[in-house]
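Student: Coordinates for the following, if possible.
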Amino acid sequence: MLHLTKVAVGCPDIETLSARQQLQSGPGAAASLTRFMPKRAAELIGGSLFWIIRHRLVARQDILGLSMMETPWGVKCRIDLAPGPVSVVPRACKAHQGWRYLAPELAPPDGEEDGNAMSAEMAKALADMGIL
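Tutor: Numbering: from 1, shown residues only. Take a look at the predicted model:
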């Protein structure tokens with residue numbers, strides 16, 4: 001199993017990412033388009049796509065499948081995702097174009113659901129100070 005990282009371009013937070021996906025794919029569905037099919041696509045099924053927002057890995061979605069599809073912008077790779085991003089423990093990450101592979105041992109764990117999880121902004125501020 002392998003993961004991907006991808007920048008959520010134009011999304012200031014996870015809520016915006018989720019709302020954008022619902023608008024584009026409809027409720028109960030989510031997908032992301034990218035230019036090329038990953039060469040290691042078979043290893044990605046069952047892995048997650050980790051989203052980068054403001055230079056931090058902050059959320060993930062399970063990868064359900066990959067396929068090529070025709071769009072108004074040409075042929076693209078569609079990454080079918082489980083609906084609703086899941087917060088992860090924020091971690092600094094350089095922005096990049098397209099996607100990058102992420103080894104399972106380097107993936108951040110899921111964030112806490114009880115409201116005690118640190119916001120992405122707080123984690124970034126602490127990281128900038130060298131505390132995290």
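Student: The most centrally placed residue in the chain pairs with what?
Tutor: In the chain, the centroid-proximal residue (Cα atoms, centre = their mean) is Trp51; its distance is 2.4 Å. With DSSP bridges as the criterion, Trp51 is bridged to Lys6, Ala59.
Student: Next up, the contacts around it.
Tutor: The contact partners of Trp51, by Cβ atoms under 8 Å, 6 or more residues apart in numbering, come to 5-8, 11, 14, 17, 57-61, 85. Bear in mind the C-beta positions are built from the backbone N, C-alpha and C, glycine included.
Student: One more pass at 7 Å, please.
Tutor: 6, 8, 17, 58-60, 85 (Cβ atoms under 7 Å, 6 or more residues apart in numbering).
Student: and what of Ile63?
Tutor: So Ile63 contacts 44-45, 47-49, 79, 81 (Cβ under 7 Å, 6+ apart).
Student: rerun that using 10 Å as the cut-off
Tutor: 1-4, 32, 38, 41, 43-49, 79-82 (Cβ atoms under 10 Å, 6 or more residues apart in numbering).
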